[in-house]
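Visitor: Provided below for reference: sequence and predicted model.
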Amino acid sequence: MKRIILAGAVAGVMYLLAGCGTSENQKSTATDSTATAQVVKTTDTVVIEGMQFKPAQLTIHKGDTIVWINNDIVAHSVTEDTAQTWTSDTINIGATWTMSPQSSFNYLCSFHPTMKGSVTVVEK
């Protein structure tokens, strides 16, 4: 009698586990929902250390954000190189400066003009 009850219990558990499987239609639906994912904006980082911008050349997508982090032992700036039409505030030791550029540009540190970098902005 105990064997019949045990066999029935095992068969019942196996039946329940078989019902937990995923059908092909469910897999297809999950794949379809990931195809409609939204484009996420990115934040890129430029580290200032050793009297250099790292990386010195950066390519980003239009709408992305750049954060400059000053890990050097002196203050720096980020200044547009060609006409010097804009500049960051002084980026003190341990501080950051952020911008979301809409077009490509070359830049330098106004305190240390040999420190140079460039940002290339491309369409998504």
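Guide: Received the coordinates, thanks.

Visitor: ok, the nearest residue to Lys116 once chain neighbours are set aside - contacts?
Guide: Of all residues not flanking Lys116 in the chain, Leu108 sits nearest, at 4.8 Å (C-beta to C-beta, 6 or more residues apart in numbering). All C-beta atoms are positioned from the backbone trio N, CA, C, and that covers glycine. Taking C-beta atoms under 8 Å, 6 or more residues apart in numbering as the criterion, Leu108 is in contact with Thr79, Asp81, Thr114, Met115, Lys116, Gly117.

Visitor: could you redo the last one with a cut-off of 10 Å?
Guide: By C-beta atoms under 10 Å, 6 or more residues apart in numbering, the residues touching Leu108 are 53, 76-81, 84, 87, 114-118.

Visitor: so how far is Thr65 from it?
Guide: Distance of Leu108 to Thr65, computed by C-beta to C-beta, to the nearest Å: 21 Å.

Visitor: cool, Leu58 as well?
Guide: Between Leu58 and Thr65 the distance is 12 Å, computed by C-beta to C-beta.

Visitor: with neighbour numbers in mind, choose between these two.
Guide: Comparing Leu58 with Thr65 by other C-beta atoms under 10 Å, the one with more neighbours is Leu58, at 17 against 14.

Visitor: who does the more buried one form a beta bridge with?
Guide: Applying DSSP bridges to Leu58 yields these beta-bridge partners: Val119.

Visitor: measure stretch 101-113 end to end?
Guide: From its first residue to its last, stretch 101-113 covers 21 Å (C-alpha to C-alpha, to the nearest Å).

Visitor: buried stuff in that stretch?
Guide: Pro101, Phe105, Tyr107, Leu108, Cys109, Ser110, His112 (16 or more other C-beta atoms under 10 Å).

Visitor: same question, stretch 89-105
Guide: Buried residues in stretch 89-105 (16+ other C-beta under 10 Å): Ile91, Trp97, Pro101, Phe105.

Visitor: got any residues that touch both of Leu58 and Thr65?
Guide: Residues touching both Leu58 and Thr65 (C-beta under 10 Å, 6+ apart) are Asp44, Thr45.
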